[in-house]
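Undergrad: Turn this into a model:
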Amino acid sequence: MKQQFRNRTKEKRLCSNAVSDILDYELVNEKEIFEILHKYRWVYKVIPYTPVDGPLGEFHRIYRELQKLSKYLLEKPNAKKAFVEYELIKNKTDNAIIEWLLNHEQLGKFLTKLYIDTFIADPEILAKGYEKIFAEFPLTVGVIDFYPLLDFIDTFSSHYSLILDKYHNPEGDGIHYINNIEYYEAKEVTLLDFIAPALKMPIEDVFKNHKEPFEVKRLKHLVPFKAYQRTSPSPQLQKAHDLFHNDQYAEAIQLYKELLVTRNDLDEAKAGLAISYFILEEYESAESVASSLSPYQYKELITLITKFKSGLQEGGLNDTKSYEIVDRFCEEALELEAGDIDRDYWINEYEDLFKSVSIAPEGLPSIANANYNGCKFKNIYDFHSKYVQRKFEQDILNRMTHKDAVEYFISRMDIYALDKILYYREYSDVDKPFFLEKLNIVFDTFKERGNIRLVSTNGVCKGCQHGHIGVAFVGDNDDTYLELMILSENDKVTDIFECNNFKFDTYNKELLGQRLFLHINEDEMPF
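TA: Residues are numbered from 1 along each chain as shown. Presented below is the predicted three-dimensional model:
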């Protein structure tokens, strides 16, 4: 009994100290939430929950609430990716929206719970920007880090409700009759359960992805969703635009032509007509209609129709204007890639653009078609290089071992790719997200010092992993370096940690710059 009492006393003291430390934060955002969860993870695991007042109960209540919030925050990259995909849907037809909803239905249903089991749903709290985690504790949680989740949830929920209202099939609710007795079949209901019967066609036909060449996508953007005619608003023009954006080009052509019989001043009708012909590959008709458009207002459209497509059909770009247009496309693609976008999505989205600027002689690697009449188009060249790199990295685990791939991405200071290929486990005795956060801080230091790449060189551990091969990563600008042991088993990296007794194979350490550290142990628990 005496030993039990001593253990209980220690547990209370640990929990009391933990609660005091957590409350000292006063305001926590995403970073602090994960910091607290990591710092006190062993207290939570080792000391069982006790449903009573006092330090044990207080600690578990606070920890569980922060843990619940962290599970939503972990989905933030997925929510951002889904929201970017939504914004990139140019023609938001029912089919396109339904496909997006189906792709992200599980995420949407999970994140919608954020409104149900947290304080986030209160508009006053959103306006204020923070709220107490519990009324009796002074600890508050900031709302700003949840905004990307809310953007996705609001968009998903609004479309989900509209689609259900439009396509709801009352016979698909799980109600069945056996011998005139009503039975309800409980099951996980998805969007498909509601809309598939209403669409009256195989669902794979509804969502078949007809890939369009990138130049077609660009042209379609020139036809507005809402008719902008200056005088005498025409419902027929709006209807033609609606048909166009529902990919019903033949029907749109008929309405555009009827409009232009009586009104020859509707340039947007002519543009819609020309682009419809172009998409249907009736190039002579497209060029004829485009020639009657204002050469100033529709210069890019006219050029695309009369020159750009024919140049691509002949196997490449064929004049300065075509190169200039594609160079702008490449610039936009590079800007998007540099932002917060899923790389697999980017590779698929710009596959057609890559093919149009690529010269690939049989049996030889692709090279960029970036030079014309003595002029080098930098965006074309940079886009081609970036696409080749991302395509290589997409299949990297088919080309090299897991350990070599990890070294490759560390050398490029690519935390996004490391997050993608590293398994979810502990590295340096800390959880993967925390480890990557510390590693990224080191990457930022390398970059601030002008280093673009890290040169990897092998060495040998003379300490706790005596004789094991380690890797040092040296900055290409200032010779700053980081020493790591990367352990693997069955072609899976199992641990990454710093080596404090590292002997270089090829470098004289005395001639190198400053050694950088992950500083992981500074955040360990004090007991």
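Undergrad: only C-alpha atoms for contact and neighbour calcs from this point on.
TA: Fine.
Undergrad: So Phe83: helix, strand or coil?
TA: Under DSSP: H, G, I helix; E, B strand; the rest coil, Phe83 falls in the helix class.
Undergrad: Would you confirm that it contacts Leu150?
TA: No - Phe83 is not in contact with Leu150 according to CA atoms under 8 Å; the separation is 10.2 Å.
Undergrad: Count the residues that sit near Val261.
TA: Counted with other CA atoms under 10 Å, residues neighbouring Val261 total 8.
Undergrad: That one and Leu243, how far apart?
TA: Per CA to CA, to the nearest Å, Val261 is found 19 Å from Leu243.
Undergrad: What's the per-residue pLDDT of Ile175 here?
TA: Per-residue confidence (pLDDT) for Ile175: 39.
Undergrad: One more: Tyr296?
TA: On pLDDT, Tyr296 comes in at 63.
Undergrad: do the same with the one 4 residues further on
TA: The model reports Glu300 with a pLDDT of 62.
Undergrad: How about Ser285?
TA: Ser285 is given a pLDDT of 83.
Undergrad: Can you classify it by secondary structure?
TA: With three-state DSSP as the basis, Ser285 sits in helix.
Undergrad: Who are the contact partners of it?
TA: For Ser285, the contact set (CA atoms under 8 Å, 6 or more residues apart in numbering) comprises 274, 277-278.
Undergrad: try Ser294
TA: Asp267.
Undergrad: And for Val143?
TA: Counting by CA under 8 Å, 6+ apart, Val143 has contacts 29, 120, 126, 129-131.
Undergrad: Type out the PyMOL command that picks the buried ones from these.
TA: Here is the PyMOL command that selects the buried residues among the contacts of Val143 (16 or more other CA atoms under 10 Å):
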select buried, resi 29+120+126+130+131
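Undergrad: With secondary structure added, can I get the contacts of Val143 in a markdown table?
TA: Listed next are the contacts of Val143 as a markdown table, based on three-state DSSP:
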| residue | secondary structure |
| --- | --- |
| Asn29 | coil |
| Ile120 | helix |
| Leu126 | helix |
| Gly129 | coil |
| Tyr130 | strand |
| Glu131 | strand |
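Undergrad: Need the contacts of Val143 in a markdown table (columns: distance to Lys492 and pLDDT).
TA: Converted to a markdown table, the contacts of Val143 look like this (distance: CA to CA, whole Å; pLDDT from 0 to 100):
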| residue | distance to Lys492 | pLDDT |
| --- | --- | --- |
| Asn29 | 33 | 88 |
| Ile120 | 39 | 73 |
| Leu126 | 43 | 68 |
| Gly129 | 43 | 78 |
| Tyr130 | 42 | 80 |
| Glu131 | 43 | 83 |
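Undergrad: Out of the contacts of Val143, which comes closest to Leu107?
TA: Taking CA to CA as the measure, Leu107 lies nearest Ile120 of these, at 17.4 Å.
Undergrad: The closest one and His104: what is the separation?
TA: Taking CA to CA as the measure, Ile120 falls 21 Å from His104.
Undergrad: Tyr256 too?
TA: Look at Tyr256 and His104: by CA to CA, they are 37 Å apart.
Undergrad: neighbour count winner among those two?
TA: It is Tyr256, of Tyr256 and His104, that has more neighbours when counted by other CA under 10 Å, with 25 against 17.
Undergrad: Does the more buried one touch Gly272 like I think?
TA: Yes - with contact defined as CA under 8 Å, Tyr256 and Gly272 form a contacting pair (7.4 Å).
Undergrad: about what we covered before: by neighbours, which of the contacts of Ser285 wins?
TA: Going by other CA under 10 Å, Ala274 tops those with 29 neighbours.
Undergrad: Excluding covalently adjacent residues, which one is nearest to that residue?
TA: Counting by CA to CA, 6 or more residues apart in numbering, Ala274 lies nearest to Ala286, which is 4.4 Å off, once chain neighbours are set aside.
Undergrad: A helix includes Asp344, no?
TA: Yes - judged by three-state DSSP, Asp344 forms part of a helix.
Undergrad: What count of nearby residues applies to the residue nearest to Ala274?
TA: Using other CA under 10 Å, Ala286 is surrounded by 24 other residues.
Undergrad: Please apply the same query to Cys499.
TA: Cys499 sits with 22 neighbouring residues when counted by other CA under 10 Å.
Undergrad: Could you do Gln389 as well?
TA: A total of 11 residues lie near Gln389 under the criterion other CA under 10 Å.
Undergrad: Show me how far whatever helix or strand it lives in is from its chain's centre.
TA: Here Gln389 sits within helix 378-394, counting by DSSP states H and E. Here the centre of helix 378-394 is set off from its chain's centre by 19 Å, with CA atoms, centre = their mean, to the nearest Å.
Undergrad: How about stretch 24-31?
TA: When distances are taken as CA atoms, centre = their mean, stretch 24-31 is centred 26 Å away from the chain's centroid.
Undergrad: So what touches that stretch?
TA: Around stretch 24-31, the neighbours that count as contacts under CA under 8 Å, 6+ apart are 70, 73, 138-145.
Undergrad: In CSV, list those residues along with pLDDT.
TA: Formatted as CSV, these follow (pLDDT from 0 to 100):
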residue, pLDDT
Ser70, 89
Leu73, 89
Pro138, 87
Leu139, 89
Thr140, 88
Val141, 89
Gly142, 86
Val143, 83
Ile144, 84
Asp145, 84
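Undergrad: got a winner among those for most neighbours?
TA: Within these, most neighbours by other CA under 10 Å means Val141, with 24 neighbours.
Undergrad: So what sits opposite it in the bridge?
TA: Here Val141 sits in beta bridges with Val28, Glu131, as judged by DSSP bridges.
Undergrad: Which stretches in the stretch 201-350 of the chain count as helices?
TA: Assignment of helices within the stretch 201-350 of the chain using DSSP state H, counting those that start in this stretch yields the ranges 203-206, 214-220, 235-245, 249-262, 267-279, 283-290, 299-303, 309-313, 320-338, 343-349.
Undergrad: The contacts of Ser285 into TSV, with extra columns for pLDDT and distance to Leu237?
TA: Compiled in TSV, the contacts of Ser285 are given as follows (pLDDT from 0 to 100; distance: CA to CA, whole Å):
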residue	pLDDT	distance to Leu237
Ala274	86	14
Tyr277	85	17
Phe278	79	19
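Undergrad: Return the closest of those with respect to Ser322.
TA: Nearest to Ser322 out of those is Phe278 (CA to CA; 16.7 Å).
Undergrad: Just give the closest residue to the closest one, not the sequence neighbours.
TA: The spatially closest residue to Phe278, leaving aside those adjacent along the chain, is Ala286, at 5.3 Å (CA to CA, 6+ apart).
Undergrad: got it, and Thr118?
TA: Closest residue to Thr118 apart from its sequence neighbours, by CA to CA, 6+ apart: Leu69 at 7.9 Å.
Undergrad: from the contacts of stretch 24-31, which two are the most distant?
TA: Using CA to CA, the contacts of stretch 24-31 span at most 21.9 Å, a distance reached by Leu73 and Pro138.
Undergrad: Which strands or helices does the one helix or strand Leu111 maps to pack on?
TA: Using DSSP H and E, Leu111 sits within helix 105-117. On a contact count with 3 or more CA pairs under 8 Å, 6 or more residues apart in numbering; DSSP states H and E, helix 105-117 meets helix 147-167.
Undergrad: Could you give the separation of the helix it packs on from the chain centroid?
TA: Distance, centroid of helix 147-167 to centroid of chain: 18 Å (CA atoms, centre = their mean).
Undergrad: swap in stretch 73-81?
TA: Using CA atoms, centre = their mean, the offset of stretch 73-81 from its chain centre is 8 Å.
Undergrad: how does this structure divide into domains?
TA: Per automatic domain parsing, the structural domains of the chain span 2-73, 214-314, 322-394, 402-523.
Undergrad: Show me the one of the ones you listed that comes nearest Asp154.
TA: Checking the domains of the chain against Asp154 by CA to CA gives domain 2-73 as the closest, at 14.9 Å.
Undergrad: Give the helix, strand or coil label for Asn458.
TA: Classification of Asn458 by three-state DSSP places it in strand.
Undergrad: mind checking which helix or strand of this structure has the lowest mean pLDDT?
TA: In the chain, no helix or strand scores lower on mean pLDDT, DSSP states H and E than helix 203-206, which sits at a mean of 34.
Undergrad: With that, I have no additional questions.
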